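1. Generate a structure from the sequence data that follows.
(2 chains)
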2 protein chains.
Amino acid sequence: MAGFTLTPWEVTGDVDYSKVMEQFGTQPITDALLKRIEKIAGSMHYMLRRKIFYTHRDMDWILDEYEKGNTFFLYTGRGPTGPVHIGHMVPWIFMKWLQDKFGVEAWFQFTDDEKFLFKEGLTLEEVGKWTDENMLDIIALGFNPKKTHFLIDTRHAGTMYRQACRVAKKITFSTVKATFGFTNEYNIGEIFYTAMQAVPAFLPSVLASRNIPCLIPYAVDQDAHFRIARDVLPKLGYYKPASIESVFLPGLEGMAEQGKMSSSKKDTAVFTIDDADTVRRKINKYAYSGGQSTVEEHRKKGGNPDIDTSYQWLRFFEEDDRKLEAVYNDYKSGVLLSGELKSMLIEKLNAFLAKHQKAREKAAGKAEDYIFRQD
Amino acid sequence: MAGFTLTPWEVTGDVDYSKVMEQFGTQPITDALLKRIEKIAGSMHYMLRRKIFYTHRDMDWILDEYEKGNTFFLYTGRGPTGPVHIGHMVPWIFMKWLQDKFGVEAWFQFTDDEKFLFKEGLTLEEVGKWTDENMLDIIALGFNPKKTHFLIDTRHAGTMYRQACRVAKKITFSTVKATFGFTNEYNIGEIFYTAMQAVPAFLPSVLASRNIPCLIPYAVDQDAHFRIARDVLPKLGYYKPASIESVFLPGLEGMAEQGKMSSSKKDTAVFTIDDADTVRRKINKYAYSGGQSTVEEHRKKGGNPDIDTSYQWLRFFEEDDRKLEAVYNDYKSGVLLSGELKSMLIEKLNAFLAKHQKAREKAAGKAEDYIFRQD
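-> The predicted model follows:
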């Protein structure tokens, strides 16, 4: 799409989220839908209210079925190529809320095959190490081990490959070529991979021998995989997976400059294992500012929170609406300086990370409680 | 190739085996090589002496390593889409001899994924049923359960898929397109599949954490898969698999008419589960005859054993060279009539099948002794 690139493997430029919704054929999350979710869940998540999760497919159907007693399960994934950054945490934080409020099962797919296949020079051993590391971040968020299941593609292929073949039989190279922009020079593992990504969307139905609705929270870059899954799954006798999709947490230099937060740009991402000094240094040095060039000018003209990374990040991590609104207004009016705004973000993030890192330490050795057991 | 079609999924027409050897770049099995095999094995198999196995790659290297104490393992496969016919048995009979004479491990791959992916309308359940059935035929041939291992692609994907990804990363769509003649309309499972077929050629090396030479006996139609495997495996640090390749057992109507024996042409194939009457009826009715149209003419001019299916089949199943030579001469001279030749084949095959069917019954319930155990 013009002005930005958006595939499961690359997001650069200033993404036009309305255009994405239009081209992918997803629905906006309306106020009526928000009210309905709030009524059933008993509360409202700030990421919904702020339209961080802004678009969906079949959420109304998911809620219809839920109210009839046909409870959905949740599915999302993690490509384990490096340490988790705070952008990765966004759908997981939201997923935890969904699990708690709806009392549902949650499935996480660790796409170690994908990362190995798509990244030149990366070994399965390295991907395995990151899988172990990344599981800790998900466990640390407090998912219920009785209702949460980790699938690791290569480890669980004994269960998954058979189902992936069923999916693969319905997808031609022409389709993946058109959907993902692959050429004839892509490797045959990359070409096959989308079939593996479809599996968790119906595996619980296979295991239970009955159809269970599936809701997938994800950032919009993963949409292509699930458009294919929605086409194929009904041909195999399963429901189309529903989805609820988020915008991206930008990298510190802002969406326009660098697109979504990326692990490969280490200075402009904040990792969950970063210490407080590192977070402070990165934000102070790299956070794109919407402020004016001098204090005097800023006091007079005010700043622009809509392009300021620090403010944008606070939208993802400051749960209190009133505090956030005050920041917005104070920054816009010039009362709040850029340095002060950065300090607020640093404090907020470091508090979040301190708590997370403590929980992450406690998660050590607990992975097997979450990893799916075959047979 | 002109005059015939030869791919892993289709063999029709009168295959020119010299041309195949030339185009695939394999070596002829020379008398010197035969002598060397005989010396090490302590005997000579009739399928080698008769050049039923007629071409190879790296057999000299396999024997060099064997003599140095670096023992090879054997690998071959079975695509479980229906009952086993006597054409399928050819490489297995030879493989049993190799296992006995060289005292080596033998690996069988059941390509249930392949058959499911390549055959419209075939279900995984059906392929699973045939896998169970087909295992009995291999067990019935007397393979040593302590040295024989069955891999079933979907069942053992927990071990195999990880290794297949390593292979797949080195193969582009361009390569499979050129090698197998695939188009963009092939499904992504078909495109990926050759990576799974490569796995048993190095899996024993992975499991043993040291490189073990691999020798693959197969009919020439499977060569394309192993040309790719030979290209890829050294890139992963393993030996190129060696091979020893056979001609086809023709269908009853002969190679020129129908190509190799095919399960989908039930009347012109003989299945291992066929009873004696069925075998008699099929051969009497369908076996292509090299004889003359009248007894008088046959006595006078003689028959042509080289195009006569009954004689061709005896080459595969009559182990006694002198008997076979007598048949050849008597048929050629007109002493032996076509009906008499057919009766000889019927008797030979029914004796073989009676023994096999008895062993096959005893094989029931023994599959788990052969099926590879993961972890």
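2. residues in contact with the worst-scoring helix or strand of chain A on mean pLDDT?
-> When each helix and strand of chain A is scored by mean pLDDT, DSSP states H and E, helix A:255-258 comes last, with a mean of 84. The contact list for helix A:255-258, computed with C-beta atoms under 8 Å, 6 or more residues apart in numbering or on different chains, reads A:T12, A:G13, A:D14, A:V15, A:F248, A:P250, A:G251, A:K265, A:T268, A:Y288, A:I307. Where C-beta positions appear, they are placed from N, C-alpha and C, glycine not excepted.
3. Let's see that with 7 Å instead.
-> Contact partners of helix A:255-258, identified using C-beta atoms under 7 Å, 6 or more residues apart in numbering or on different chains, comprise A:D14, A:V15, A:F248, A:G251, A:K265, A:T268, A:Y288.
4. Let me see the contact set for the nearest residue to the fifth one once chain neighbours are set aside.
-> Ranked by C-beta to C-beta, 6 or more residues apart in numbering or on different chains and with sequence neighbours excluded, the top spatial neighbour of A:K265 is A:G251, at 6.0 Å. Under the criterion of C-beta under 7 Å, 6+ apart, the neighbours of A:G251 are A:Q258, A:G259, A:K260, A:M261, A:S262, A:K265, A:T268, A:A269.
5. so what pLDDT did A:G251 get?
-> Listed pLDDT for A:G251 reads 94.
6. how close does it sit to chain B?
-> As for A:G251, its distance to chain B is 28 Å (criterion: C-beta to the nearest C-beta, to the nearest Å).
7. again, but for A:K300
-> 58 Å.
8. what residues are up against the residue nearest the centre of chain A?
-> When C-alpha atoms, centre = their mean is applied to chain A, the residue found nearest the centroid is A:P91 (3.9 Å). Shown in contact with A:P91 (C-beta under 7 Å, 6+ apart): A:T76, A:P217, A:Y218, A:A219, A:S246.
9. And for A:W130?
-> By C-beta under 7 Å, 6+ apart, the contact list for A:W130 reads A:P80, A:T81, A:G82.
10. which parts of the helix or strand harbouring it are buried?
-> Using DSSP states H and E, A:W130 sits within helix A:124-140. Of all the residues in helix A:124-140, those buried under the rule 16 or more other C-beta atoms under 10 Å in any protein chain shown are A:124, A:126-128, A:130-131, A:133-140.
11. State the distance spanning the first to the last residue of stretch A:94-111.
-> 20 Å (C-alpha to C-alpha, to the nearest Å).
12. Next, the angle helix A:124-140 makes with the strand or helix carrying A:E340.
-> Element membership for A:E340, per DSSP H and E: helix A:338-363. Interaxial angle of helix A:338-363 relative to helix A:124-140 (axes from the mean of the first three to the mean of the last three C-alpha atoms, to 10 degrees): 100 degrees.
13. domain ranges for chain A?
-> Per automatic domain parsing, the structural domains of chain A span A:4-252, A:262-361.
14. Need these in TSV (columns: distance to B:L203).
-> TSV is the format used below for the domains of chain A (distance: least, C-beta to C-beta, whole Å):
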stretch	distance to B:L203
domain A:4-252	14
domain A:262-361	33
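15. ok, back up a step: tell me which of the contacts of A:G251 fall in helices.
-> Cross-referencing the contacts of A:G251 against helices under DSSP state H gives A:Q258.
16. Show me which of the contacts of A:G251 is closest to chain B.
-> A:S262 (22.4 Å; C-beta to the nearest C-beta).
17. Close to chain B: what parts of the stretch 151-300 of chain A are there?
-> Of all the residues in the stretch 151-300 of chain A, those in contact range of chain B (C-beta under 7 Å from any C-beta of the partner chain) are A:154-155, A:157-158, A:161-162, A:165-166, A:168-169, A:171-174, A:176-177, A:184-189, A:191-192, A:195.
18. and those residues, which are buried?
-> By 16+ other C-beta under 10 Å, these give A:154-155, A:157-158, A:161-162, A:165-166, A:168-169, A:171-173, A:176-177, A:186-189, A:191-192, A:195 as buried.
19. quick one: which helix or strand includes the residue in the stretch 201-350 of chain A that chain B sits nearest to?
-> Taking C-beta to the nearest C-beta as the measure, the point where the stretch 201-350 of chain A comes nearest chain B is A:I228, at 9.9 Å. In this assignment (DSSP H and E), A:I228 forms part of helix A:223-232.
20. just to revisit the earlier point, grab the nearest non-local neighbour of the residue nearest to the centre of chain A.
-> A:P217 (4.7 Å).
21. To which secondary structure element is the one you found assigned?
-> strand A:214-219.
22. same thing with A:L151?
-> strand A:148-152.
23. tell me the angle that strand makes with helix A:124-140.
-> 170 degrees.
24. tell me how far the next helix or strand along the chain from strand A:148-152 is from the chain's mean position?
-> Next helix or strand after strand A:148-152 toward the C-terminus (DSSP H and E): helix A:157-168. Offset of helix A:157-168 from its chain centre (C-alpha atoms, centre = their mean, to the nearest Å): 24 Å.
25. and the gap between the residue in chain A sticking out farthest from the centre and A:P305?
-> Distance from the C-alpha centroid of chain A peaks at A:E296, with 39.5 Å (C-alpha atoms, centre = their mean). A:E296 sits 20 Å away from A:P305, going by C-beta to C-beta, to the nearest Å.
26. do A:D112 as well
-> A:D112 is 39 Å from A:P305, by C-beta to C-beta.
27. Compare these two (neighbour count), which wins?
-> Set A:D112 next to A:P305 and count neighbours by other C-beta atoms under 10 Å in any protein chain shown: A:D112 wins out with 26 against 22.
28. got the contact list for the more buried one?
-> Applying C-beta under 7 Å, 6+ apart, the residues near A:D112 are A:P80, A:V127, A:G128, A:T131, A:I152, A:D153, A:T154.
29. export these to JSON lines and tack on distance to B:W97 and pLDDT?
-> Shown next, in JSON lines, are the contacts of A:D112 (distance: C-beta to C-beta, whole Å; pLDDT from 0 to 100):
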{"residue": "A:P80", "distance to B:W97": "47", "pLDDT": "96"}
{"residue": "A:V127", "distance to B:W97": "43", "pLDDT": "98"}
{"residue": "A:G128", "distance to B:W97": "41", "pLDDT": "98"}
{"residue": "A:T131", "distance to B:W97": "45", "pLDDT": "98"}
{"residue": "A:I152", "distance to B:W97": "42", "pLDDT": "98"}
{"residue": "A:D153", "distance to B:W97": "40", "pLDDT": "98"}
{"residue": "A:T154", "distance to B:W97": "37", "pLDDT": "97"}
